[in-house]
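Undergrad: sequence unavailable; structure follows:
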């Protein structure tokens, strides 16, 4: 097991009817900016629950944060924060709204020239404006971690930021919110959280037995509940396991003491930036090719994954490892998610070269758990995913 | 899954050589009381590592905190804290030293008549003197939770306390410390952490699939590493999994959203208070009888435990459940831990009645996950454990 440092101070308030507990979490004297996305919260009753819980608090609203939170939109929210002397942020939404709120939390206290620096210069955020979240879409885990990914469409860039100042003070997780989520987004959430675990697990063994088993526990649970969630989002047992699994998949716990990969995300982000493909679907496009291309380096762990998560008991290590990749592809397909880039765009020629060039330009010369995945290898993997 | 609220802000610093990182965690201007136990840290090099890491900090020492931290001893430490105007506590030890330090952390800021109130009146500690820990004995999980158990020998009482103010600010976990732990205490640590998980898992199902799997992951890992730890404490892989499993067994995570039992601990504490039997061994004495006595209520979960942790595949639910209890007893025996009260004392007659009477006197009329385990049932369980 590798050495690690771990701290996650976010308070989780989980369960049926938990949105009303908002009133206990935000200081009465706060001036709150309530951030949300396309406005679905005004149709599904969540907005009503939030504002009635905060009836005694001074709130201003900022809606319209898009999927893949857009820098230009966030700059408008930042202006509101400064003009209105906001002291507390409340994200009501999924990963995009929460990630956008994290950027604002950092940018509100940032003293440099332009807040884009936080992303382009990888500035770690130690101190930020306090914020809480009401999660409306289980998927990214952003509700219990300190990371954020922001998109800037004018430059087709999608960059990450983070730091210990960016943990939500609290996050409210009411699994009942999934009853109003479109099937497409439920599938995305399942695929996204599943791939989050794979990125931290499908590397090589360092003898971290407990972390491996925790990762497998999340994967097993997602496999078990996925068909139930897709069929009947009012199944509270399935919904609550889905929601908690998404949070645990990326709250830092399972990555302690083990190598992690994240190359699937690095490549996937480019497909979103270039084609606007849903984040989760880009992962489903890249992951199978990535695991096939890096088969020799990952096959021990792939075989363990096959045995423990997919109950593959027959064959050699190679057989089990290969079967595990096939099972993963089947899982995405069962969610209704296509796994080839050509399923999403006719305009895929040249994509691999373009992504390899971007990685070269950014100095990303060695991705993955061994830091050896160079741009020429990235090019091959993306081509395999056409 | 039941509703829950969860927050655990303790920073974990885990791994080889991590004690030297102490210097980054304690404020330079702190006046520190370093608390420890019988003095083994002065023989095994840990004291040297701690004091050299804190060479620039003002430190006073207080040694001699006994196993089952004794109220009378702690009152002496409390006097030092007040006289010396201590601002920060550092526990270097196992669960007893850490639990004692938690009591002191609360008592140092307590404004009532006598600090015993905190225990006898179950006063929840919201604010306490900051403290960190250097763990020298994996077992209790106290390094990453906010609970503590204190013994008062003059009244033969052993009572619990807790509250959000009692999380360590940081805990340093260097698995190499186990190389100097006597086999007997390694066995205790394994049995203690194993039983902690059972208390939060062997109840009834509420459909919390992920929590169940996390609990089983810890149990599986402890079963896997136990013989290695006992045979060769220098096996770092085994030591690190053992240490991290003990922490995860009782840091609050696996008990979120599920019922928990804790009747084994309630009864076990009395055996320590009455006979001075090691805490972990009292659990091994009580647990088998408890699970047999409550067989009907617990058999579904016992069978699941048998299947997933002990690979028991044959037979009915009843068969599997019963075999799982036998496997548990075997596990304790393999650790060299006896599982009958008569193995520890010849003076056991009347113990069951005495414990039942104490529970009655304290108003503990319904223990366990259903809160239906009345003193007369406690009496029967303890008798079964003779």
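TA: Thanks, I have the structure now. Keep in mind that what you see is a predicted model, and the values were worked out from it rather than measured.
Undergrad: C-alpha only now, for contacts and for neighbours.
TA: OK.
Undergrad: separation between the closest residue to residue A:14 other than its chain neighbours and residue B:215?
TA: In space, not counting the residues next to it along the chain, residue A:14 is nearest to residue A:173; the distance is 4.7 Å by CA to CA, 6 or more residues apart in numbering or on different chains. Computed with CA to CA, to the nearest Å, the distance linking residue A:173 and residue B:215 is 22 Å.
Undergrad: next one: residue A:344
TA: Going from residue A:344 to residue B:215 by CA to CA gives 41 Å.
Undergrad: cool, and residue A:83?
TA: When distances are taken as CA to CA, residue A:83 and residue B:215 turn out to be 49 Å apart.
Undergrad: with neighbour numbers in mind, choose between these two.
TA: When residue A:83 and residue B:215 are compared for neighbours, residue B:215 comes out ahead with 27 against 9, by other CA atoms under 10 Å in any protein chain shown.
Undergrad: wait, doesn't that one sit right on residue B:195?
TA: No: taking CA atoms under 8 Å as the contact criterion, residue B:215 and residue B:195 are not neighbours in contact, 10.9 Å apart.
Undergrad: how about the residues of chain A near chain B?
TA: Taking CA under 8 Å from any CA of the partner chain as the contact definition, chain A meets chain B at A:1-16, A:207-210, A:213-214, A:217-218, A:221, A:237, A:240-241, A:244-245.
Undergrad: now the residues you listed: which count as buried?
TA: With neighbours counted using 16 or more other CA atoms under 10 Å in any protein chain shown, the residues of chain A next to chain B contain these buried positions: A:1, A:3-16, A:207-210, A:213-214, A:217-218, A:221, A:237, A:240-241, A:244-245.
Undergrad: C-terminal to the strand or helix carrying residue A:302, what's the next element?
TA: Counting by DSSP states H and E, the secondary-structure element that holds residue A:302 is helix A:295-310. From helix A:295-310 onward toward the C-terminus, using DSSP H and E, the following helix or strand is helix A:317-334.
Undergrad: give me the buried positions along that next one.
TA: Residues of helix A:317-334 classed as buried under the neighbour-count rule (16+ other CA under 10 Å) are A:317, A:319-325, A:327-329, A:331-332.
Undergrad: what's the answer for stretch A:305-315, then?
TA: Going through stretch A:305-315 with 16+ other CA under 10 Å, the ones that come out buried are A:305-310, A:312.
Undergrad: repeat that for stretch A:114-125.
TA: Neighbour-count burial for stretch A:114-125, with 16+ other CA under 10 Å as criterion, is recorded at A:115-116, A:118-119, A:123, A:125.
Undergrad: now the two most distant members of these.
TA: Of all pairs drawn from these, the one with the longest distance (CA to CA) is A:116 and A:125, at 12.9 Å.
Undergrad: pick the one among the buried residues of stretch A:305-315 closest to residue A:201.
TA: Out of the buried residues of stretch A:305-315, the member with the shortest distance to residue A:201 (by CA to CA) is residue A:305, at 8.7 Å.
Undergrad: not counting its neighbours along the chain, what's nearest the closest one?
TA: In space, not counting the residues next to it along the chain, residue A:305 is nearest to residue A:324; the distance is 6.8 Å by CA to CA, 6+ apart.
Undergrad: go ahead and confirm the one you found touches residue A:310.
TA: Yes: at 7.1 Å, residue A:324 counts as touching residue A:310 under the criterion of CA under 8 Å.
Undergrad: secondary structure class for the residue nearest to residue A:181 when sequence neighbours are not counted?
TA: Excluding the flanking residues, the one nearest residue A:181 by CA to CA, 6+ apart is residue A:137, at 7.3 Å. Of the three states, residue A:137 takes coil under DSSP: H, G, I helix; E, B strand; the rest coil.
Undergrad: which stretches of chain A form helices?
TA: In chain A, the helices defined using DSSP state H lie at A:22-25, A:46-53, A:71-83, A:95-109, A:116-120, A:183-201, A:209-231, A:236-249, A:263-275, A:279-293, A:295-310, A:317-334, A:351-362, A:375-384.
Undergrad: from the contact counts, what lies against the last one?
TA: Contact analysis of helix A:375-384 by 3 or more CA pairs under 8 Å, 6 or more residues apart in numbering or on different chains; DSSP states H and E lists helix A:279-293, helix A:351-362 as its packing neighbours.
Undergrad: what pairs with residue A:61 across the strands?
TA: On DSSP bridges, the residues paired with residue A:61 through beta bridges are residue A:34.
Undergrad: neighbours of it, how many?
TA: One way to gauge burial is a neighbour count; for residue A:61, by other CA under 10 Å, it gives 12.
Undergrad: got it, and residue A:17?
TA: Residues within reach of residue A:17, counting by other CA under 10 Å, total 15.
Undergrad: got it, and the one 10 residues further on?
TA: Number of residues near residue A:27 (other CA under 10 Å) recorded here: 12.
Undergrad: with residue A:159 instead?
TA: Residue A:159 is flanked by 17 other residues according to other CA under 10 Å.
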